[in-house]
Structure formats: structure tokens, C-alpha cells
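Asks: Any chance you could fold what I've pasted below:
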Amino acid sequence: MRNPRLVAVVLAMSAGLLSGCSGGPSASGSSPSAPSPGTETPATATAPATSRPSNGPGQGNAELAITVVPSGGSPELNFTLLCTSGTPAAKSSHPDPAAACAALKANPAIVAPAAPGSDRACTQQYGGPQKATVTGSVDGVAVDSSFARTNGCEISAWDAAKDVLGAAGGAS
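Replies: Okay, here's the model as predicted:
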């Protein structure tokens, strides 16, 4: 067991294969830990979040690090998003912090997609090579999530979080 992250990825992928294309109430899972710079974590290799924001309106407080990989050969794009009561802080480096903070205040759960494993079927369609990770906290709840566009459920989660992920992902 030289690389626990690799073991976790293999186990998560195996579980995903055994359960078909099942997803939870939303499309993607939470990654076991934040990826190292320059690495990509497969969105299918995810574990459930330890806690999750509610689906209703939140307080609008967030401290997030967002990494987007627009395509396989593209460099990572890194943003920070700091929100207080739904208003972005000047220190945010997000391309549209006002839209991202408003989206998080309206629905803090958009950055905490559910883990695979329920009976939700996902369409087998490919939405593009984009990948993203979001780590930090929203309204005091830890967030450590991965996004991709590799099936219908993941595309749905990406689209729900698009204001937070920013236009850099190359998908609307």
C-alpha cells in the first residue's frame, strides 16, 4: 500500500463498475482529498462527503479553491472564491465572483454533489473532457468535490455548478 490515494481510486472505480452508472441525488461525488497541483482526479473515483450543505438558501459565506482543467492537454486554471453573505470579497480571483457567490447563497449544495451508489441511472453520454475540483467550505460545511462531464449525471452536476466552476471549463 504505497499510495493510499491510488488504492482509493481503484476501489471507487471498481464500486462504480459494479453498480453500473448509478449516481446519488445529484451527479458527481466528492473526492477523497484535494488533488496535487498538476494531477487530475477521475470524477468517478469519489467518496461521499462527510457533511453536506442543505438544498435550500444558505448564508452565502464561502471560502473555496477551484481548479478547472478545460481539456486533457490544457493547463489547470486555479481560482479562489471568497463570499460573505453572498457578496464576493475583493481577494477573489474567480472570473465572475458575483454570479458564483449568488449561486452559492441560493443553493450551497451545488458544490457538494452526492456520491455514486444509489439507484439513479445516468445516461451514457459524453459532455467533454472538462474536469474540476472544489475544496474549502460553504456556510461552515467542508466541501471537497470533483466534477466532470463523462455521463448524464455528471453533466447535470456540472451545469448546476457552472457559475461556481466559471466559464473556464469550456462548457455552459
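Asks: Could you count how many residues lie near the closest residue to P88 other than its chain neighbours?
Replies: Leaving aside its chain neighbours, P88 sits nearest to P97 (3.3 Å; criterion: C-beta to C-beta, 6 or more residues apart in numbering). To be clear about C-beta, it is placed using only N, CA and C from the backbone, and glycine gets the same treatment. Using other C-beta atoms under 10 Å, P97 is surrounded by 24 other residues.
Asks: Same question for D119.
Replies: Counted with other C-beta under 10 Å, the neighbours of D119 add up to 9.
Asks: Now do the helix or strand harbouring V164: which elements does it pack against?
Replies: Using DSSP states H and E, V164 maps to helix 162-165. Applying 3 or more C-beta pairs under 8 Å, 6 or more residues apart in numbering; DSSP states H and E, one finds that helix 162-165 contacts strand 62-69, helix 97-106, strand 131-138.
Asks: Measure how the second one sits relative to strand 131-138, angle-wise.
Replies: Taking axes from the mean of the first three to the mean of the last three C-alpha atoms, to 10 degrees, one finds helix 97-106 and strand 131-138 inclined to each other by 60 degrees.
Asks: quick one: buried residues of helix 97-106?
Replies: Using 16 or more other C-beta atoms under 10 Å as the test for burial, helix 97-106 gives P97, A99, A100, C101, A102, A103, L104, K105.
Asks: next helix or strand past that helix?
Replies: Following helix 97-106 in sequence order, the next helix or strand is strand 120-121 (DSSP H and E).
Asks: who are the neighbours of that following strand, in terms of helices and strands?
Replies: Applying 3+ C-beta pairs under 8 Å, 6+ apart, we find strand 120-121 packed against strand 22-23.
Asks: pLDDT of the strand it packs on, averaged?
Replies: Averaged across strand 22-23, the pLDDT comes to 41.
Asks: Then stretch 88-107?
Replies: 95.
Asks: so S145 sits right up against V111, yeah?
Replies: Yes. If you go by C-beta atoms under 8 Å, S145 and V111 touch, sitting 5.7 Å apart.
Asks: And the two? Which one has more around it.
Replies: Looking at S145 and V111 with other C-beta under 10 Å, you find the greater number of neighbours at V111, namely 33 against 28.
Asks: which residues does that one contact?
Replies: P53, L64, L104, V134, V138, V143, S145, A161, V164 (C-beta atoms under 8 Å, 6 or more residues apart in numbering).
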